[in-house]
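Enquirer: here are the coordinates; sequence isn't available:
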Ligand SMILES: Nc1ncnc2c1ncn2[C@@H]1O[C@H](COP(=O)(O)OP(=O)(O)OP(=O)(O)O)[C@@H](O)[C@H]1O
């Protein structure tokens, strides 16, 4: 398997603090990673570097085999699917759901003068169907519930058939039913061998879908543990990551944690 992401001794400094501190991490093709850590651990920063939106202060980052700083990121970005709160906020409420998804083919968030062929439309509809929201294609983004918005953004992130899928807190803001339903959908994406290498960020082990193969635990910009999820998501590692004594359970493909 070839490497999709390669971080070697990566540090990112802002205002004198290290948001990431000597992070070394590799994601191989076919792997599905979860990044866990408390507020401010550096999870979003790590994902933004993987998405080529930020550059490290020191260290080396290769994304899809291309080294940041040596590659035209505008050529690389269409190969990466990203969902994040910041991207969601850039979508105008009046944009049709179908257009939120279709415009990803052009790397924009609103219709302008681009035109779509039948292949684009078929792919957008197929993804909306896969995310369980094909009935919403003709609605505007502003009229959707939070869960429906998250699903629309995931469909958008997959529109360009990316080789790397980055999901920043896809379960944030969802009620219990919405979270469970989204986790099941993400589980089916993770289980599909045709899906791209995936990295999902969350604070909550309960939001880890089945099918996730690896975990990276971050605290204060540093890697606490990283590797196959069964070996990494231990009570000791999670306790060190969140700074409190935790008990971890793994049952029927799902995880939960509580104070010891
Ligand atoms: N421009 C900046 N200057 C200084 N500190 C910054 C800057 N941008 C982010 N930070 C800090 O970097 C740290 C890491 O932020 P990041 O958003 O990556 O964490 P996170 O793990 O995603 O957090 P959360 O779970 O709360 O979303 C935070 O403490 C944040 O306040």
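Expert: That came through, no problem. The structure presented is a predicted model; accordingly, all values stated were derived computationally and were not measured.
Enquirer: could you pull out the helices for this protein?
Expert: 43-50, 73-76, 85-89, 97-102, 118-130, 146-158, 176-191, 229-232, 235-242 (DSSP state H).
Enquirer: is the worst-scoring helix or strand of the chain on mean pLDDT in proximity to the ligand?
Expert: Least confident helix or strand, the chain: helix 85-89 with a mean of 83, by mean pLDDT, DSSP states H and E. No - using Cβ under 6 Å from any ligand atom, helix 85-89 stays clear of the ligand, with a minimum separation of 8.7 Å. Where C-beta positions appear, they are placed from N, C-alpha and C, glycine not excepted.
Enquirer: tell me, which of the helices of the chain is the model least confident about?
Expert: Note on these: helix 85-89 shows the lowest mean pLDDT, a mean of 83.
Enquirer: how about it: buried residues?
Expert: 87, 88 (16 or more other Cβ atoms under 10 Å).
Enquirer: then stretch 169-178?
Expert: 169, 170, 171, 174, 178.
Enquirer: from the ligand, how far out is the fourth one?
Expert: By that I understand residue 174. 16 Å (Cβ to the nearest ligand atom, to the nearest Å).
Enquirer: please report phi then psi for residue 57.
Expert: Backbone dihedrals for residue 57, given as degrees, to the nearest 10, come out at phi -70, psi -40.
Enquirer: which residue is nearest the middle of the chain?
Expert: residue 167 (1.5 Å; Cα atoms, centre = their mean).
Enquirer: give me the neighbour count for the residue nearest to that residue when sequence neighbours are not counted.
Expert: Using Cβ to Cβ, 6 or more residues apart in numbering and skipping residues adjacent in sequence, the residue nearest residue 167 is residue 200, 4.5 Å away. For residue 200, the neighbour count with other Cβ atoms under 10 Å is 25.
Enquirer: would you confirm that residue 200 contacts residue 213?
Expert: No - using Cβ atoms under 8 Å, residue 200 is not in contact with residue 213, being 11.3 Å away.
Enquirer: contacts only, for the closest residue to the ligand within the stretch 51-200 of the chain.
Expert: Residue of the stretch 51-200 of the chain nearest the ligand, by Cβ to the nearest ligand atom: residue 169 (7.0 Å). Contact partners of residue 169, counting by Cβ atoms under 8 Å, 6 or more residues apart in numbering, are 84, 85, 201, 202, 203.
Enquirer: now do the same for it: its pLDDT.
Expert: 91.
Enquirer: quick check on it: phi, psi?
Expert: phi 50, psi 60.
Enquirer: which residue is the nearest non-sequential neighbour of residue 134?
Expert: residue 128 (4.4 Å).
Enquirer: distance check, the one you found against residue 154.
Expert: Separation of residue 128 from residue 154 (Cβ to Cβ, to the nearest Å) stands at 10 Å.
Enquirer: give the buried residues for stretch 215-228.
Expert: 215, 216, 217, 218, 219, 220, 221, 223, 224, 225, 226.
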